[in-house]
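[1] based on what follows, work out the 3D shape:
(one chain, ligands or ions: 1)
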Amino acid sequence: MTDAVLDVRGLTRAFGGLTVVDDVSFAVPAGRALGVVGPNGAGKTTLLTLLDGGLTPGAGRVELAGRDVTRVSAARRCRLGIGRTYQTPRPFVGMTVFENVLVGAVHGAGLRTSQAHDAAGDALVRTGLADRANTPAGDLRLLDRKRLELARALACRPTLLLLDEIAGGLTDAELPELIGIVREVRDGGTAVIWIEHIVHALVSVVDEMLCLASGAVIALGDPADVLADARVREVYLGSSVEGL
Ligand SMILES: Nc1ncnc2c1ncn2[C@@H]1O[C@H](COP(=O)(O)OP(=O)(O)OP(=O)(O)O)[C@@H](O)[C@H]1O
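    I've put the predicted structure just below:
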């Protein structure tokens, strides 16, 4: 047991004969952000899904604030403080922004009505969406859809926030706004794990970086050191990763 918000030891998962997450270990303390990089198919999203409880590992252990949650369901992990955004946000397009976030607070975090309203309102303010609260989610432009995805996760009042390519598709002009929100969440004491292909966005926020290749950790530590690592550069050869 450690004082980390998240402590992962030896996490392993195979699909059929293919091991897609292979003996992965790391820890993230409160108020720190870990960036996760790696080529397509490296196992990044699968790793996140092992952390949020959507998948169970074949081996290894996941501890949240010192508690073993390896076999705990996704719904329960959400109530214990794990919030997540998805690569492809699927908001309820016919519902307003506020209603979408409220659903996260009620069904995700299991908050009662008045608490859920407070949490949803707070999440909209933190993500800069308060003035769009009554807009149908289907009318939002991409940056606001990303904000909504973050707000939905924040309404669960997470101690651990998992971000799956939240910056994908944004313009260079839009990125700083999203980065600023993530930085404030981290500075507010939440542990953050952020998978992102736009490496310069990651580097501006994260305290540590982890590179996965074929499911295994090939580098972990200071972001500049990880990006300079010969093995990391080798797995990215020929790919078009922004900022590497
Ligand atoms: N449910 C599944 N069943 C079988 N194979 C799967 C399943 N989910 C993922 N995989 C395989 O596991 C490997 C890792 O996939 P994963 O989506 O975790 O990679 P990734 O690093 O997130 O990739 P990307 O950067 O393209 O999103 C891939 O080979 C993928 O095809």
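[2] low-confidence stretches in the protein?
    In the prediction, the chain carries residues with pLDDT under 70 at positions 1-2, 237-244.
[3] near the ligand, which residues of it are found?
    By Cβ under 6 Å from any ligand atom, the residues of the chain that approach the ligand are Phe15, Val20, Gly38, Asn40, Gly41, Ala42, Gly43, Lys44, Thr45, Thr46. Where C-beta positions appear, they are placed from N, C-alpha and C, glycine not excepted.
[4] tell me where this structure has helices.
    Shown for the chain, the helices assigned by DSSP state H span residues 44-52, 74-80, 97-103, 113-126, 142-154, 175-187, 199-203, 223-228, 230-236.
[5] need those in a markdown table (columns: distance to Gly10 and mean neighbour count).
    Written out in a markdown table, the entries for the helices of the chain read as follows (distance: least, Cβ to Cβ, whole Å; neighbours: other Cβ atoms under 10 Å):
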| stretch | distance to Gly10 | mean neighbour count |
| --- | --- | --- |
| helix 44-52 | 12 | 22 |
| helix 74-80 | 19 | 16 |
| helix 97-103 | 35 | 23 |
| helix 113-126 | 34 | 18 |
| helix 142-154 | 27 | 23 |
| helix 175-187 | 26 | 17 |
| helix 199-203 | 25 | 20 |
| helix 223-228 | 21 | 16 |
| helix 230-236 | 20 | 14 |
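[6] so which of those helices gets nearest Thr135?
    With Cβ to Cβ as the criterion, Thr135 lies closest to helix 97-103 of those, at 5.4 Å.
[7] now the helices of the chain as JSON lines including distance to Gly168?
    What follows is those, written out as JSON lines (distance: least, Cβ to Cβ, whole Å):
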{"stretch": "helix 44-52", "distance to Gly168": "12"}
{"stretch": "helix 74-80", "distance to Gly168": "23"}
{"stretch": "helix 97-103", "distance to Gly168": "20"}
{"stretch": "helix 113-126", "distance to Gly168": "21"}
{"stretch": "helix 142-154", "distance to Gly168": "9"}
{"stretch": "helix 175-187", "distance to Gly168": "10"}
{"stretch": "helix 199-203", "distance to Gly168": "10"}
{"stretch": "helix 223-228", "distance to Gly168": "19"}
{"stretch": "helix 230-236", "distance to Gly168": "17"}
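[8] for the ones you listed, which one sits closest to Pro89?
    Evaluated over those, closeness to Pro89 peaks at helix 142-154, with 4.2 Å, by Cβ to Cβ.
[9] which strands or helices does that closest one pack on?
    strand 82-84, helix 97-103, helix 113-126, strand 160-164, helix 175-187 (3 or more Cβ pairs under 8 Å, 6 or more residues apart in numbering; DSSP states H and E).
[10] can you list those in a markdown table and add distance to Pro29?
    What follows is those, written out as a markdown table (distance: least, Cβ to Cβ, whole Å):
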| stretch | distance to Pro29 |
| --- | --- |
| strand 82-84 | 15 |
| helix 97-103 | 27 |
| helix 113-126 | 21 |
| strand 160-164 | 11 |
| helix 175-187 | 11 |
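[11] out of these, flag the one nearest Val5.
    Each of the helices and strands packed on helix 142-154 was checked against Val5 via Cβ to Cβ, and the shortest separation belongs to strand 160-164, namely 5.3 Å.
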